[in-house]
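J.: Give me coordinates for this.
(chains A and B)
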Amino acid sequence: MKLATWNVNSLKVRLGHVQEWLTANPVDVLCLQELKLTDDKFPIAELAAHGYTAHFTGQKTYNGVAILVNHAKVGEATDIVRNLPNFPDEQQRLISATIAGTRIVCGYFPNGQSLESDKFVYKLKWLDALTHWLAGEMANHPRLALLGDYNIAPEDRDVHDPKAWEGQNLVSPQEREAFARLEGLGLRDAFRLFDQPEKIFSWWDYRMGAFRRNAGLRIDHILLSAALAERCTACEVDPVPRKWEQPSDHAPVVATLAA
DNA sequence: ATGGCATGACAATCATGA
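T.: Residues are numbered from 1 along each chain as shown, chains lettered A, B, ... in the order given. A predicted model of the protein is given here:
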């Protein structure tokens, strides 16, 4: 079973990229973030034509998340839940579904903007609510995967220039502690289950030729419960779509699970 | 040097991203 996550930065603009990527990478589950469209604009038929059933919760201009399911391989998803039940929120940032006995949680974590911002307070509150809700969710679903754009680089090795970024939004101690609390629930960072090359990132700024210079951050993650981590045989970032014309600033991340 | 680039709403700039 292959699980993937990709912040597409507008599904309207990136639909062709998603279709092309799925054709080359027919994963079983693809979690999408930053749809930037309302539910009535979601390209259900265009994704169905590629073999994927979509479950989504959208929003005008901002946010929006979806879970795409290769139904021929893994069947249909059940028990779709939108948002955090313990955190009333206008912003559409979370969707969960059960697929082939695995609980899939797809999240677009708040950016935070800066440590002085109200948005940073919101980010930490959202993370706290997510962590508390996940504790119960994991008790009900031993096989659970949390995929998405976390907007947190967990360690300095996930940052192209740790000195320049020290203490800033996306790498601050508060955010890294929140990430560690997720791990404290028993979740494992699939990427770090394996030896990895240095300087692997999942996001590069559109500006200043950041991708060409590999000036990026690893902020998109797949966290796995113990029952899934022991079955995980690989986890990789796919930088290829970042090289395409008019790309998302994020790259897909893929985890492979043995049967 | 607080820019730079991209997207969407809106109709010239502005909010947001990370």
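J.: A:A100 is in contact with A:G75, isn't it?
T.: Yes. When contacts are counted by CB atoms under 8 Å, A:A100 is listed as touching A:G75 (6.1 Å). To be clear about C-beta, it is placed using only N, CA and C from the backbone, and glycine gets the same treatment.
J.: those helices in the stretch 1-150 of chain A, which residues are they?
T.: Here the stretch 1-150 of chain A has its helices, by DSSP state H, counting those that start in this stretch, at A:11-24, A:44-48, A:71-74, A:118-140.
J.: got those helices as a markdown table, with mean neighbour count and distance to DNA strand B columns?
T.: Shown next, in a markdown table, are those (neighbours: other CB atoms under 10 Å; distance: least, CB to the nearest atom of the strand, whole Å):
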| stretch | mean neighbour count | distance to DNA strand B |
| --- | --- | --- |
| helix A:11-24 | 17 | 4 |
| helix A:44-48 | 14 | 15 |
| helix A:71-74 | 14 | 27 |
| helix A:118-140 | 17 | 5 |
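J.: Identify whichever of those lies nearest to A:E236.
T.: helix A:11-24 (13.6 Å; CB to CB).
J.: what's that closest one packed up against?
T.: Packing partners of helix A:11-24 (3 or more CB pairs under 8 Å, 6 or more residues apart in numbering; DSSP states H and E): strand A:29-33, helix A:44-48.
J.: Next, the angle from it to strand A:29-33.
T.: Calculated by axes from the mean of the first three to the mean of the last three CA atoms, to 10 degrees, helix A:11-24 forms an angle of 160 degrees with strand A:29-33.
J.: can you give me the mean pLDDT across helix A:11-24?
T.: Across helix A:11-24, the average pLDDT comes to 98.
J.: Show residues contacting it.
T.: For helix A:11-24, contacts defined as CB atoms under 8 Å, 6 or more residues apart in numbering pick out A:6, A:8, A:30, A:32, A:35-37, A:41-43, A:46-47, A:50-52, A:64, A:66, A:68, A:238, A:240-241, A:244, A:246-248, A:252.
J.: what's the offset of that helix from the middle of its chain?
T.: Computed by CA atoms, centre = their mean, to the nearest Å, the chain-centroid distance of helix A:11-24 equals 16 Å.
J.: Over to stretch A:37-48?
T.: For stretch A:37-48, the distance from its own C-alpha centre to the chain's C-alpha centre is 19 Å (CA atoms, centre = their mean).
J.: could I have stretch A:90-99 exported to PDB, CA atoms only?
T.: Extracted in PDB, the C-alpha atoms of stretch A:90-99 (Å, rounded to 0.1, in the frame of the first residue of the first chain):
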ATOM      1  CA  GLU A  90     -14.200  28.100   9.900                       C
ATOM      2  CA  GLN A  91     -10.900  27.100   8.300                       C
ATOM      3  CA  GLN A  92     -11.000  23.700   6.500                       C
ATOM      4  CA  ARG A  93      -7.800  22.000   7.500                       C
ATOM      5  CA  LEU A  94      -8.500  18.400   8.300                       C
ATOM      6  CA  ILE A  95     -10.300  15.300   6.900                       C
ATOM      7  CA  SER A  96     -10.200  11.700   8.000                       C
ATOM      8  CA  ALA A  97     -11.300   8.400   6.500                       C
ATOM      9  CA  THR A  98     -10.900   4.700   7.000                       C
ATOM     10  CA  ILE A  99      -9.400   2.900   4.000                       C
END
